[in-house]
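Undergrad: can you look at this prediction? I've put the sequence above it.
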Amino acid sequence: MISREFSTTVQFLREYDSSPLSKDFRADIKFIGSDGEEVYAHKFIMVGRSMVFRKMFNADMKEKESGVVQCPDASAPVLRSMVNFCYTAEIEFTEEAPAEEVLKIAHKYDINILKLRCEDELKNGITNENICELLVLAQKYEAKELNQAVADYFKTSFDVVYPILANRLCSD
């Protein structure tokens, strides 16, 4: 049983006002998304959540000096989802920040808990129509749980999925 003190502490940590992520609130790093939009954050939070950021901001890299992280492979909504997760441990997947895109950035920056949350979301949405795309995604981004879920789905739905896969392979 979880103690009231623990629950209150978790609640407090999850309560989050996004205004600290404005550049006026002493954010010391900014991410620039593929759309050119800026997303602000605090270095100490990001370094605490990602070994990639830890290395980036502790080594002699251009990001350390400039405080700017160029992210040509992620839109601002995806980056905002990643940053918000690093602050709150909560994620809401949206049309602008789908689990597939957040998984890519979580993998890139080695934010394993976020990656697992993305995998959970994707595992719950496996269909005959998206099984190929999810398998490729799982393989490319080393999403072991998603890969296993796709394999399990394929095994249990082989009679239905195989003709779809064969048709796709022959038509491509």
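TA: Everything's here; your move. Numbering: from 1, shown residues only.

Undergrad: what does the domain assignment say about the protein?
TA: Annotated domains of the chain cover 4-111, 125-172 [automatic domain parsing].

Undergrad: buried ones in stretch 112-127?
TA: Within stretch 112-127, the residues that count as buried by 16 or more other C-beta atoms under 10 Å are 114, 115, 116, 117, 118, 119, 121, 122, 123, 126. C-beta coordinates here come from the backbone N, C-alpha and C atoms, glycine included.

Undergrad: tell me the first helix or strand C-terminal of the helix or strand hosting residue 87.
TA: Assignment of secondary structure by DSSP states H and E places residue 87 within helix 76-88. Helices and strands here follow DSSP H and E; after helix 76-88, the next one along the chain is helix 99-108.

Undergrad: give me the phi and psi for residue 68.
TA: Here is the backbone geometry of residue 68 (degrees, to the nearest 10): phi -120, psi 130.

Undergrad: now do the contacts for it.
TA: Listed by C-beta atoms under 8 Å, 6 or more residues apart in numbering, the contact set of residue 68 reads 29, 30, 32.

Undergrad: and the most centrally placed residue in the chain, what does it touch?
TA: Ranked by distance to the mean C-alpha position of the chain (C-alpha atoms, centre = their mean), the top residue is residue 102 at 3.2 Å. By C-beta under 8 Å, 6+ apart, the residues touching residue 102 are 78, 81, 82, 91, 93, 114, 118.

Undergrad: buried residues, the strand or helix carrying residue 46. List them.
TA: For residue 46, the host element (DSSP H and E) is helix 43-49. Within helix 43-49, the residues that qualify as buried are 43, 45, 46, 47, 49, counting by 16+ other C-beta under 10 Å.

Undergrad: one more: stretch 143-163?
TA: By neighbour count on 16+ other C-beta under 10 Å, the buried set for stretch 143-163 is 143, 146, 147, 149, 150, 153, 154, 161.

Undergrad: what mean pLDDT does that stretch get?
TA: Averaging pLDDT along stretch 143-163 gives 91.

Undergrad: what does it rub up against?
TA: 103, 107, 115-116, 118-120, 122-123, 126, 128, 131, 134-135, 137-139.

Undergrad: residues in contact with the residue nearest to residue 96 when sequence neighbours are not counted?
TA: Nearest residue to residue 96, sequence neighbours excluded (C-beta to C-beta, 6 or more residues apart in numbering): residue 77, at 3.8 Å. Residues near residue 77 by C-beta under 8 Å, 6+ apart: 33, 94, 96, 97.
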